[in-house]
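Asker: Predicted model and sequence follow; I will ask about them next.
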Amino acid sequence: MDLQAFAIIVLSWVVLVRAADPDQCVCEDKMNTCVVRDGSPGVNGLPGRDGFPGPKGERGEQGLRGIQGPPGKVGPPGQKGDQGPTGQTGSPGKCDDSELRVLKTQMQDLHTQLHALREEVTKHVKVLRLPNGIRVGEKVFHTSGLRGAYETAEAKCVQAGGVLASPRNADENRALLEIRKSHNENIILGINDIQTEGTFRYPGGETIGFTNWSKNEPNDAGGEDCVEMLENGLWNDFPCNGEKLIVCEY
Ligand code: MAN
Ligand code: CA
Ligand code: CA
């Protein structure tokens, strides 16, 4: 080791020892009389700046399947196919028993629905055709305000697609009574005992199941086979050539 190097080492050692010794490191404020020794530690400085971004991570797993998109546009029609083989004459396709049972049930369901639909449509058509009619249940009563004897009256109703009013229950009788009141005229009913004396029937020939006779009626006084509704809604038998208010039912 040469002398110069030795001198540098010794000098460095002296500087280090002086820095490590607190007694050797007294700071004196030359301007003030106050000497500060060993002050308390200062507060931490602000955090340093963000480091550089890390290396790129590994590729993630495949995501979940997305929801189905809307249907696309209809494509152009395809080419016409070849003609199929000629079918066997007189041998229709066969179904097994279970297929037949399903078809039969479906047919019955359709039949029921069709029946209900037809009744519903008929009901609405009746009301639309007869805006001044009175609807009671499935039935509509309607009058043109004309009067007539039994045969004329019944023919007019049939011609219009109905029959003479024939109340079959208290509700229908009440509805008819409203017409009786508004026109202030007795109404001729479709009910009569023309066919068999004493047996009253509806226009279709069925014997009646609901009655609303006035006291002591029917009495066939002098031969009375037709029926009228009186002002109180009760019934009286009267001669069929008598003219009364015509009310039809649909
Ligand atoms: C008149 C007619 C008859 C009826 C009697 C009741 O004679 O209307 O049909 O039975 O009155 O008193
Ligand atoms: Ca009679
Ligand atoms: Ca009578």
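Answerer: In hand now; what should we look at? Ligands and ions are numbered 1, 2, ... in the order given.
Asker: So which residues on the protein come close to ligand 2?
Answerer: The interface of the chain toward ligand 2, taken as Cβ under 5 Å from the ion, is made up of 193, 220, 225. C-beta here means a position set from N, CA and C on the backbone, and glycine is covered the same way.
Asker: The second one contacts Glu197, correct?
Answerer: Spelled out, that is Asp220. Yes: taking Cβ atoms under 8 Å as the definition, Asp220 is a contact partner of Glu197 at 6.8 Å.
Asker: so what sits against both of those two?
Answerer: With contacts taken as Cβ atoms under 8 Å, 6 or more residues apart in numbering, Asp220 and Glu197 have no neighbour in common.
Asker: What about the residues of the chain next to ligand 2, which are in strands?
Answerer: Asp193 (DSSP state E).
Asker: now, among the residues of the chain next to ligand 2, which is nearest to ligand 1?
Answerer: Ligand 1 lies nearest to Asp220 out of the residues of the chain next to ligand 2, by Cβ to the nearest ligand atom, at 8.4 Å.
Asker: what's the pLDDT at that closest one?
Answerer: pLDDT recorded at Asp220 is 98.
Asker: Could you find the closest non-adjacent residue to Glu249?
Answerer: Of all residues not flanking Glu249 in the chain, Ala165 sits nearest, at 4.7 Å (Cβ to Cβ, 6 or more residues apart in numbering).
Asker: Please apply the same query to Arg174.
Answerer: Nearest in space to Arg174, with sequence neighbours left out and distances taken as Cβ to Cβ, 6+ apart, is Gly233 at 7.1 Å.
Asker: May I have the phi/psi pair for the one you found?
Answerer: Main-chain torsions, Gly233, degrees, to the nearest 10: phi 90, psi -10.
Asker: got it, and Asp225?
Answerer: Per-residue torsions, Asp225: phi -120, psi 0 (degrees, to the nearest 10).
Asker: All set, thanks.
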